[in-house]
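Student: what's the 3D shape of this:
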Amino acid sequence: MNRIFSLFIFMSIGFAQFDSYDLANYPVERDSIGLPKPVKAMFKSFLVPGWGQIQNQDEWWKPVLFAGIETIGIISSFNYGKRAEDIRRQFEAYGDAHWSLERWYNNTKTIFPDRWEEILIGTHKLGLKIGNSYYFTDQLAQLVQQYAWSEIAVIRDRDFYENIGKYDQFVGGWDDPYDDPFDSVGNWYTLQKGSVESIILTKRKDDYRDQRHESNILKHYSRYAVSVVMFNHLVSGLEAAWRANNQSKNIPKLDLNYNPVNKWGVGGVRITYAW
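Tutor: Residues are numbered from 1 along each chain as shown. All right, here's what the predicted structure looks like:
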């Protein structure tokens with residue numbers, strides 16, 4: 001009888017004092033819910049290299065290193081890009097001043113007397129505008145029969161500035177004093193490329209090509225600097241996450257929740273895993 005009575009009292013205390021709808025009986029650390037520390041450090045350094053290292057309280061040189069690479073990369077990209085654009089405007093002005101459509105037409109007839117029409121048609125085209133109509137240079141032989149040169153305008157777009165420096169087809173447009181284009185001296189000369197190809201140059205065309213090449217090289221440097229900046233973000237973020245992960249140790253913690261109602265003082269078991 002005493003055993004039954006004791007069991008009844010124990011069960012009454014155990015169940016009467018526990019409210020399954022009371023959140024206080026569920027020891028969850030709600031304030032700690034959020035992104036894990038390594039994830040926070042990673043995203044901070046993805047945004048601003050070095051920020052995650054500051055969160056991890058790393059040695060001073062780490063955030064300085066990542067921030068320094070970021071600064072140098074951004075400044076280098078800007079400076080290279082600006083210099084490339086300055087030279088681009090310079091070589092385009094040079095091409096505008098020393099290459100003309102009418103001269104190209106007349107010199108092509110002189111350089112290639114037997115196949116000048118074939119050269120005009122060529123494998124590449126420049127855009128032309130007459131009034132509100134658009135044409136291409138493969139139609140030039142017919143257009144000059146119908147319109148005055150003052151009416152025919154060449155469209156000076158990106159393709160124009162590439163073609164006049166790159167292809168022999170357009171070499172006749174340069175205003176160097178004309179001489180034999182197939183010798184190796186003078187204002188007009190032939191430069192051998194490999195064993196099967198040669199390119200016709202003029203001194204002004206060669207100067208133009210050098211300027212354009214320099215601009216393109218600087219553009220490549222600017223893109224390389226941007227790549228370094230992006231890689232710096234990635235490395236900084238991964239390093240910050242790795243460091244924070246090591247600091248957390250990733251060791252599960254086992255705790256007993258205190259419950260004053262229970263005569264043994266145990267209200268449950270809590271397992272915490274930090275990552």
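Student: which SSE is Gln247 in?
Tutor: Element membership of Gln247, judged by DSSP states H and E, is helix 203-248.
Student: model confidence over that helix, on average?
Tutor: Helix 203-248 carries an average pLDDT of 94.
Student: Going by contacts, tell me the helices and strands next to that helix.
Tutor: Helix 203-248 makes packing contacts with helix 37-47, helix 51-55, helix 61-98, helix 158-166 when contacts are defined by 3 or more Cβ pairs under 8 Å, 6 or more residues apart in numbering; DSSP states H and E. For every residue, glycine as well, the C-beta is placed using N, CA and C.
Student: Distance from it to the middle of the chain?
Tutor: Mean-position distance between helix 203-248 and its chain equals 8 Å (Cα atoms, centre = their mean, to the nearest Å).
Student: now the angle from that helix to helix 37-47?
Tutor: 160 degrees (axes from the mean of the first three to the mean of the last three Cα atoms, to 10 degrees).
Student: Now do helix 203-248 and helix 61-98, the angle between them.
Tutor: Going by the same axes, to 10 degrees, helix 203-248 makes 160 degrees with helix 61-98.
Student: quick one, helix 203-248 and helix 158-166 angle?
Tutor: Using the same axes, to 10 degrees: helix 203-248 against helix 158-166 is 120 degrees.
Student: and the closest residue in space to Glu162 that isn't next to it in sequence, what is it in contact with?
Tutor: Using Cβ to Cβ, 6 or more residues apart in numbering and skipping the chain neighbours, the partner closest in space to Glu162 is Arg212 (8.0 Å). By Cβ atoms under 8 Å, 6 or more residues apart in numbering, the contact set of Arg212 is 88, 91, 161-162, 165.
Student: can you do 10 Å?
Tutor: The contact partners of Arg212, by Cβ atoms under 10 Å, 6 or more residues apart in numbering, come to 87-88, 90-92, 94-95, 161-162, 164-166.
Student: Ok, Ile130 next?
Tutor: Neighbouring residues of Ile130 by Cβ under 10 Å, 6+ apart: 143, 146-148, 151-153.
Student: Count the neighbours of Trp188 for me.
Tutor: Trp188 has 23 neighbouring residues, counting by other Cβ atoms under 10 Å.
Student: Pick the one among the contacts of Ile130 closest to Ile74.
Tutor: Ala153 (40.6 Å; Cβ to Cβ).
Student: Is the closest one bridged to anything, and to what?
Tutor: Lys129 (DSSP bridges).
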